[in-house]
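S.K.: the sequence and its predicted three-dimensional model are supplied below.
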Amino acid sequence: MTRKILIIDDDIKLIHLLKEYLEENNFRVSHALEGDHAVDEIKANAPDLIILDIMLPGKDGLEVLKDIRKAHSLPVIMLTAKGDDTDKIIGLELGADDYLPKPFNPRELLARIKAILRRQDLLTTQDSCEDLLIRCHNMILNRAAHTIEVDKKVVDLSTTEFNILEVLMKSPNTVLSRDQIMNLAQGRDFMVFDRSIDIHISRLRAKIETAPGSPKRIKTIWGTGYMFVDIP
């Protein structure tokens, strides 16, 4: 099956390079040069994944990401200026699934795309309906529908947030290291000083915890990682 990628970037040379490279690797690629009509482009092209540059004319990538997250849980990989940690952190806080600083090696981008899509595919290949649901008291995670219900209310999560929560809920009351979480959720190793896991956890807490500042479901185990506590 050919997967579809939407690139939102105003760098024509980069678009042509990525389009050629990704199409050689069996992807169908569409693109947009600005973010003002990103949601319309998504409706028109129905991509499986979005590559989004932060520096765009008109509405910038962070604003575009906000628009995307209002309507879609599609995985988004953000392209940021090299060394600009602020943009990376804000992008992750707004719901980006991954980021890559420019300039980058197209092979690394391809590896990250494949890791994210491979993880998505795993969610749709469960053997039975029982396997599709993870229940922890007042929370129900549905792999097939890609939804999480908390107190019978559906909570919107990005792809990576959902994957991380699934990893944690599958091993309740078990401490998982950041490396284990990153590997299971995104198919790649945790990098030292990479704050993405911590930011995704912070966003998850804001969405599923009654008091995010004093979390009871997702506990930080200092010096080790995180643990999902199966509480009433």
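M.R.: Right, received. Where do you want to start?

S.K.: from what I can see I164 touches S196, true?
M.R.: No. Contact criterion Cβ atoms under 8 Å: I164 and S196 do not qualify, at 9.9 Å. Every C-beta, even on glycine, is put in place using the N, C-alpha and C of the backbone.

S.K.: compare these two (neighbour count), which wins?
M.R.: More neighbours surround I164 than the other of I164 and S196, with 27 against 22 (other Cβ atoms under 10 Å).

S.K.: centre of the chain to whichever strand or helix holds the more buried one, how far?
M.R.: Assigned by DSSP states H and E, I164 belongs to helix 159-170. In this view, helix 159-170 has its centroid 10 Å away from the chain centroid, taken as Cα atoms, centre = their mean, to the nearest Å.

S.K.: packing partners of the helix or strand where I197 lies?
M.R.: Using DSSP H and E, I197 sits within helix 196-208. Other helices and strands packing on helix 196-208, by 3 or more Cβ pairs under 8 Å, 6 or more residues apart in numbering; DSSP states H and E, are helix 85-93, strand 147-150, helix 159-170, helix 178-186, strand 218-221.

S.K.: thinking again about what came up before, which other helices and strands contact the helix holding I164?
M.R.: Contact here means 3+ Cβ pairs under 8 Å, 6+ apart; on that basis helix 159-170 packs against helix 106-123, strand 133-136, strand 139-142, helix 178-186, helix 196-208, strand 225-228.

S.K.: columns mean pLDDT on top of those, output as CSV?
M.R.: As requested, the helices and strands packed on helix 159-170 are exported to CSV (pLDDT from 0 to 100):
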stretch, mean pLDDT
helix 106-123, 84
strand 133-136, 82
strand 139-142, 88
helix 178-186, 81
helix 196-208, 88
strand 225-228, 92
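
S.K.: turn the ones you listed into JSON lines, including distance to S30.
M.R.: What follows is the helices and strands packed on helix 159-170, written out as JSON lines (distance: least, Cβ to Cβ, whole Å):
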{"stretch": "helix 106-123", "distance to S30": "15"}
{"stretch": "strand 133-136", "distance to S30": "34"}
{"stretch": "strand 139-142", "distance to S30": "30"}
{"stretch": "helix 178-186", "distance to S30": "24"}
{"stretch": "helix 196-208", "distance to S30": "27"}
{"stretch": "strand 225-228", "distance to S30": "37"}
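
S.K.: looking at those, which is closest to T86?
M.R.: helix 196-208 (12.2 Å; Cβ to Cβ).

S.K.: give me the residues contacting the closest one.
M.R.: 88-89, 92-93, 95, 98-99, 139, 148, 150, 155-158, 160-161, 164-165, 178, 181-182, 190, 212, 215, 217-218, 220, 226 (Cβ atoms under 8 Å, 6 or more residues apart in numbering).

S.K.: ditto for stretch 176-190
M.R.: Against stretch 176-190 from outside (Cβ under 8 Å, 6+ apart): 97-98, 111-112, 114-116, 118-119, 160, 163-164, 166-168, 194, 196-198, 224-227.

S.K.: try stretch 16-29
M.R.: T2, R3, K4, I5, L6, I7, H31, I51, P106, L109, L110, I113.
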